[in-house]
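> give me coordinates for this.
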Amino acid sequence: MQTEIVIAGFGGQGVLFAGQVLAYAAMDSGKHVTWFPSYGPEMRGGTANCTVIVADEDIGSPNVRNPQAVICLNLPSLDKYEPLVVNGGLLALNTSLINRAVAREDLHVVEAPANEMAEELGDKRLVNAVMLGALVEATGVLPMEAIQKALKDHLPAKHQDLLPANFIALEKGAEAARRTLAQPA
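Purely as a prediction, here's the structure:
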């Protein structure tokens with residue numbers, strides 16, 4: 001099995017870090033994995049995305065044309081990736097910054113107002129963790145415990161105090177995914 005995931009947004013939203021956590025969780029779980037970042041020259045505010053492939057066997061290429069799942073942290077990301085997701089794939093949307101519905105009817109959609117959820121948790125930097133929790137819940141690509149362990153093991157020492165809030169943010173995102181997926185089409 002191979003799962004191809006894109007995480008997309010703008011610089012400063014933790015796009016690359018969310019991808020790294022997913023990649024570390026896969027690697028620590030004995031999976032084959034690639035993490036392929038792409039970002040503009042701007043540190044904050046420019047476009048950023050990364051591709052993560054999680055597989056049970058060797059991965060032929062880190063390039064992905066048609067991902068199975070995409071986290072869209074902002075509207076330009078939805079505009080760019082909606083046409084590219086495979087039929088039956090997943091879009092996880094940060095509805096705080098996305099003000100339109102998904103046009104395609106052949107996709108599964110998970111929605112979470114991640115900015116508001118992060119602010120309720122007391123730290124706007126938790127947007128990426130909310131959306132990562134939603135993606136993991138909706139895809140089942142890895143167990144949530146693997147994501148939590150990767151955060152614990154790979155979060156820089158200076159940010160270890162943020163672990164409890166990150167764990168809560170992951171769960172809030174998972175709850176949003178369960179709510180959204182339970183709604184009738």
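
> what pLDDT does A165 get?
A165 is assigned a predicted lDDT (pLDDT) of 95.

> and the pLDDT at the residue nearest to C72 when sequence neighbours are not counted?
Excluding the flanking residues, the one nearest C72 by C-beta to C-beta, 6 or more residues apart in numbering is L78, at 4.3 Å. All C-beta spots, glycine's among them, are computed from the backbone N, C-alpha and C. At L78, the pLDDT value in this model is 96.

> report the contact partners of L78.
C72, L91, L93, I98, R100, V102 (C-beta atoms under 8 Å, 6 or more residues apart in numbering).

> do P62 as well
Counted by C-beta under 8 Å, 6+ apart, P62 has contacts T34, W35, F36, T51, I53.

> am I right that it is in a helix?
No - counting by DSSP: H, G, I helix; E, B strand; the rest coil, P62 is not found in a helix; it is coil.

> quick check: pLDDT value at it.
With respect to pLDDT, P62 scores 87.

> quick check: phi and psi at the residue nearest to C72.
Reported as degrees, to the nearest 10, the phi and psi values for L78 are phi -60, psi -50.

> distance of it from A101?
Counting by C-beta to C-beta, to the nearest Å, the gap from L78 to A101 is 10 Å.

> how about G88?
According to C-beta to C-beta, G88 stands 18 Å off from A101.

> and for G122?
From G122 over to A101 (counting by C-beta to C-beta), the distance is 30 Å.

> residues in contact with the closest residue to S38 other than its chain neighbours?
Spatial nearest neighbour of S38, excluding adjacent residues (C-beta to C-beta, 6+ apart): N49 at 5.3 Å. Contact analysis of N49 by C-beta under 8 Å, 6+ apart lists V6, I7, A8, G9, V15, P37, S38, Y39, S77.

> farthest-apart pair in the residues you listed, please.
P37 and S77 (14.6 Å; C-beta to C-beta).

> settle it for me: which of the two has more neighbours?
Taking other C-beta atoms under 10 Å, P37 and S77 do not tie; S77 has more neighbours (27 against 14).

> ramachandran angles for that one?
phi -70, psi -40.

> does the closest residue to it other than its chain neighbours sit in a helix, a strand or a coil?
Once flanking residues are discounted, S77 sits nearest to A8: 3.7 Å by C-beta to C-beta, 6+ apart. Under three-state DSSP, the three-state class of A8 is strand.
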